[in-house]
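Chemist: Give the three-dimensional model of this entry:
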Amino acid sequence: MEKLIEYETGSFSSYLSKGCRLCQEGATMVLFVTGLCPKSCFYCPLSEEKRGKDLVFANERSIKNDDDILKETELMDALGTGITGGEPLLKIGEVLHYIQILKSSFGQDHHIHLYTSLSPDRQMLKKLADAGLDEIRLHPPQAIWGDLKHSPYADSLQHAKKLGIETGIEVPSIEGTEKVAVFAEYMGVFLNLNELEFSDTNSKALLKNGFFLESDTSNAVAGSDKYAETTLSLCKKVHFCSSIHKDAVQLRKRFQRIAKNMAREFDEITEDGTLVYGIIEYLDHKIAKKILEDIGIPLELFEVKKGRIEIAWWILEELKEEIKEELKSLGAKLLIIERYPFEDGLLVELTPI
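Modeler: Numbering: from 1, shown residues only. Now for the predicted structure:
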């Protein structure tokens, strides 16, 4: 086994593919190609918003055209892209197109990995390799983990390796992963194990299958990490990604990259990569703008939008009481909000003043 690296978040690895390394840096843009999928894995965490729907998202941005994808990639200074779904290879034409535009726009060094539950044949893998796919991760269904050597996934892995694509297997860390580890070692590919988590859409199925929460403060499935530990002596190239690691490291760093590029002069970026600013809401913006100008607030420290003015939170908080009361008497609400660093990003906290 390669040297084992253990992280404070509970993750460990003896090998990290380039796609995983970039993801750990928060430098990977997540390209969700479709919510359609021919499989019915009981542990699938996909949200109702996406499951079974033929939609495209780049990170949290709903995609309408190629420019939306390129803008999102630029916004976070992404060094790579992870293509996922649903099942992205149901949309092979779109996947090939996205790989080509990303490579042509950001250069051949822009790393692209793809996650699939299918077992693509050599012809499809050749198209992906020719388009510029750097890495592929196969997700064989749990029902065949005991006989993977005689499955079409063995052929897919072999073809992908010969075509020069970095090749691996990625599955949740549950009973049977030791069989997958033995197969991965036999095929000479890496193995990624993800800590299984409860979600709104898979919780009933997980409970029905005998899984339960690790604790009241975690979405992780109890014992998922222990299954990963059994693989360490069976496969040289193993990476276990914990639930905490995804949130505390990968997601936070990706948010930080995005926030750094989209923050206005008056937005405060938190350690978690969220944005904090103030809002003057439900007041004729022309009246509010004049009040702010009259007391000497620089134009670069607030922005007029429909139905509200967004402003540096510290300026809003430190306004003289008589100014606050004047704004409120005119029907305004004064708020400080924290949200994810996207257009209309998820609201984390709202504090009235």
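Chemist: going forward, measure contacts and count neighbours with C-alpha atoms only.
Modeler: Will do.
Chemist: since we're on the closest residue to T84 other than its chain neighbours, how many residues are nearby?
Modeler: Closest residue in space to T84, ignoring its immediate chain neighbours: F32 at 4.9 Å, by C-alpha to C-alpha, 6 or more residues apart in numbering. Using other C-alpha atoms under 10 Å, F32 has 24 other residues around it.
Chemist: Now do the same contact list for F32.
Modeler: When contacts are counted by C-alpha atoms under 8 Å, 6 or more residues apart in numbering, F32 touches L55, V56, F57, A58, N59, I83, T84, G85, G86, P88.
Chemist: repeat that with 6 Å
Modeler: V56, F57, T84, G85 (C-alpha atoms under 6 Å, 6 or more residues apart in numbering).
Chemist: Over to I353?
Modeler: By C-alpha under 6 Å, 6+ apart, the contact set of I353 is L334, L335.
Chemist: so what pLDDT did G93 get?
Modeler: Confidence at G93, expressed as pLDDT, is 98.
Chemist: In the stretch 1-150 of the chain, mark out all the helices, start to finish.
Modeler: For the stretch 1-150 of the chain, the helices defined by DSSP state H, counting those that start in this stretch cover 18-24, 66-75, 92-106, 122-131.
Chemist: Strands along the stretch 151-300 of the chain, start to end?
Modeler: For the stretch 151-300 of the chain, the strands defined by DSSP state E, counting those that start in this stretch cover 166-172, 190-194, 238-241, 268-269, 275-281.
Chemist: Does the first one pack against any helices or strands, and if so which?
Modeler: Packed against strand 166-172, as judged by 3 or more C-alpha pairs under 6 Å, 6 or more residues apart in numbering; DSSP states H and E, are the following elements: strand 135-138, strand 190-194.
Chemist: how much does it deviate in direction from strand 190-194?
Modeler: Using axes from the mean of the first three to the mean of the last three C-alpha atoms, to 10 degrees, the direction of strand 166-172 lies 30 degrees away from that of strand 190-194.
Chemist: now do the same end-to-end measure for stretch 305-325.
Modeler: Taking C-alpha to C-alpha, to the nearest Å, the first and last residues of stretch 305-325 lie 21 Å apart.
Chemist: now it: mean pLDDT?
Modeler: On average, stretch 305-325 scores 91.
Chemist: on that earlier part again, so what's the residue nearest to T84 bridging to?
Modeler: F57, T84 (DSSP bridges).
Chemist: can you pull the pLDDT of it?
Modeler: In this model, F32 carries a pLDDT of 98.
Chemist: The one 5 residues further on too?
Modeler: According to the predicted model, the pLDDT of C37 comes to 96.
Chemist: how many neighbours does it have?
Modeler: Neighbourhood size, C37 [other C-alpha under 10 Å]: 20.
Chemist: again, but for S224
Modeler: Counted with other C-alpha under 10 Å, the neighbours of S224 add up to 21.
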